[in-house]
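J.: no FASTA, just this:
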């Protein structure tokens, strides 16, 4: 698994434009909201959690169409599935590599965008913690959706239609944690539910992805 993660990270480093595209989209999308809703600090601060979480979600979805496609097209996927290692470990390693190459840069950019929206330091910490729990969920679900549509015509659009509804709970609890903190309410419930979603996805998504890969390569 470690070797596969390092391999995918090296491949991602050789294609820096493809790896940076979700981050650029995230920054540009978030930067356009102040132009559209106006410069009022209170308004920007109120919409910041939802805007940043939606931006992170869409930026992650933007990078899913190439998650399995390269290995499937050059035949590497067949070799990986026949190497003797469990397929769920392959799915978990690919999701981990996707998060490190695409999700982690979003975590770096999020505090800077939060400052642009006027979020205080404590709210930025809550936002970063919610993204730290939530973005791995997006990568795990994205690996499943991408495997399920592997080889299909218009697979990218189908992946979006499959993955987007599954990510809505993470979006609600992640952005709700920051909004609750801003309102002076407890955030323990939001983080507990977000953590439960992460554990459930971590346990359920890799086996489901493995089954989808077996079907796609049969």
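T.: Structure's in. What do you need? The structure displayed is predicted, hence computed values, not measured ones.

J.: Please enumerate the helices of this structure.
T.: 2-14, 16-37, 41-62, 69-73, 76-81, 87-98, 104-116, 121-148, 155-182, 188-216 (DSSP state H).

J.: export those helices to TSV and tack on mean neighbour count and mean pLDDT?
T.: From N, CA and C alone the C-beta is placed, and that goes for glycine too. Below are the helices of the chain laid out as TSV (neighbours: other CB atoms under 10 Å; pLDDT from 0 to 100):
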stretch	mean neighbour count	mean pLDDT
helix 2-14	14	84
helix 16-37	15	84
helix 41-62	20	87
helix 69-73	16	77
helix 76-81	16	80
helix 87-98	22	90
helix 104-116	18	89
helix 121-148	23	91
helix 155-182	19	87
helix 188-216	17	91
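
J.: so who does residue 186 touch?
T.: Residues near residue 186 by CB atoms under 8 Å, 6 or more residues apart in numbering: residue 180.

J.: Could you check how far it is from residue 120?
T.: The gap separating residue 186 from residue 120 is 18 Å, by CB to CB, to the nearest Å.

J.: Spatially central residue in the chain, please.
T.: Centroid check for the chain by CA atoms, centre = their mean gives residue 138 as the closest residue, at 3.5 Å.

J.: so that residue makes contact with residue 169?
T.: No: using CB atoms under 8 Å as the test, residue 138 is too far from residue 169 to be in contact (11.4 Å).

J.: Now do the phi/psi pair for the spatially most distant residue from the centre of the chain.
T.: The C-alpha centroid of the chain is most remote from residue 40, which lies 29.8 Å away (CA atoms, centre = their mean). Phi and psi for residue 40, reported as degrees, to the nearest 10, are phi -60, psi 120.

J.: Could I get the pLDDT score of it?
T.: For residue 40, the pLDDT comes out at 82.

J.: All further residue positions should be reported with the first residue as 54.
T.: Understood, numbering begins at 54; the last thing we discussed is residue 93.

J.: Now residue 124. Nearest residue, chain neighbours left out?
T.: Nearest non-adjacent residue to residue 124, counting by CB to CB, 6 or more residues apart in numbering: residue 130, 4.1 Å away.

J.: contacting residues for the one you found?
T.: Per CB under 8 Å, 6+ apart, neighbours of residue 130: 121, 124, 266, 270.

J.: ditto for residue 182
T.: By CB under 8 Å, 6+ apart, residue 182 lies in contact with 230, 244.

J.: Give me the distance between it and residue 71.
T.: Remark: distance between residue 182 and residue 71 (CB to CB) = 28 Å.

J.: Over to residue 56?
T.: On the measure of CB to CB, residue 56 and residue 71 end up 22 Å apart.

J.: got it, and residue 212?
T.: Using CB to CB, residue 212 is found at 16 Å from residue 71.

J.: Give me the phi and psi for residue 237.
T.: Torsion angles, degrees, to the nearest 10, at residue 237: phi 80, psi 20.

J.: Count the neighbours of it for me.
T.: Neighbour count of residue 237, defined by other CB atoms under 10 Å: 6.

J.: okay, it: pLDDT?
T.: 84.

J.: Now do the contacts for it.
T.: Counting by CB under 8 Å, 6+ apart, residue 237 has no contacts.

J.: rewinding a little: return the member of the contacts of residue 130 nearest to residue 258.
T.: Nearest to residue 258 among the contacts of residue 130 is residue 266, at 12.2 Å by CB to CB.

J.: Alright, calling it a day.
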